[in-house]
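Student: 3D, please:
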Amino acid sequence: MKIKCIIIDDEPLAINVIKNHLKEINNIELVNTFNNAVEGLSFIKEHKIDLIFLDINMPLLDGLSFIKSLELKPHIIITTAHSEFAVDSFELDVLDYLLKPIPFPRFVQAINKVYRRSLDLNSKLTSTERQYIFVKIDKKKMKKIYLDEILVIESLKDYLKINTLTKRYIIHQTLSSFTEQLPPNNFIRIHRSYTISIDKIETIEGNSVEIGGIRYTIGRTYIDQVKKIIFNT
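Tutor: Numbering: from 1, shown residues only. A predicted model of the protein is given here:
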């Protein structure tokens, strides 16, 4: 799945930051960049674009007016130095809202949302195509992890341990933000320290589940919702 994207921003430095971030990401092709929304609007009328990184405060046509003018909306990620436009942006169904300067881990979270939304909306996907997520495992290396291989994600304060069928990975991210990137019909948070793959549950006993031969406690504040979702699934 190759995602074609453009950047619309009147700040050359901001464009360069996104371009450098994209160099570390697979399966996304930067097609063009524009320093105003009018030129970007003309371009997407002639070319199929899947994703736009869009600034808000720009000359001639601001970002929100640009979105309202679109007949068919690609995925849109707002990139701005101003937090006050977040509510208006999400009302226009933007996929994410990134505040400048954009740290790379936060950028990756936004990209994973693009992957998820693209998989959900692409009716041409076949049952043999596997969903995946990219995680940063060192300063420059991104690792593709297939979702059907994940067993448990465990919180280690500011880090996470991702246990898969074959390996374990340590990444710098919170459990809440990582869980938000996962499909809720496949994964569920059962404790402040654990998010698990529902279809990897082997047994349920009392307030715990067993996965891969290891028991994980379900937190008291989670137990009713967890059992309801698991048994309904």
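Student: the helix ranked longest in the chain packs against which elements?
Tutor: For the chain, the longest helix by residue count, based on DSSP state H, is helix 104-121. Judged by 3 or more CB pairs under 8 Å, 6 or more residues apart in numbering; DSSP states H and E, helix 104-121 is in contact with helix 12-22, strand 75-80, strand 96-99, strand 132-136. Yep, even glycine has a C-beta here, placed from its N, CA and C like the rest.
Student: residues making contact with the third one?
Tutor: What that stands for is strand 96-99. Residues outside strand 96-99 that contact it (CB atoms under 8 Å, 6 or more residues apart in numbering) are 77-81, 83, 86, 89-90, 106-107, 109-110, 113.
Student: just the buried ones from those?
Tutor: 77-80, 89, 107, 109-110, 113 (16 or more other CB atoms under 10 Å).
Student: roughly how far apart are the residue of the chain most remote from its centre and T217?
Tutor: Most distant residue from the mean C-alpha position of the chain: G206, 33.4 Å away (CA atoms, centre = their mean). Distance of G206 to T217, computed by CB to CB, to the nearest Å: 9 Å.
Student: please apply the same query to F43.
Tutor: For F43 relative to T217 (CB to CB), the value is 53 Å.
Student: residues contacting A37?
Tutor: A37 neighbours (CB under 8 Å, 6+ apart): 8, 54, 58, 60-63, 65-66.
Student: 6 Å instead, please
Tutor: Residues near A37 by CB atoms under 6 Å, 6 or more residues apart in numbering: 8, 58, 61, 66.
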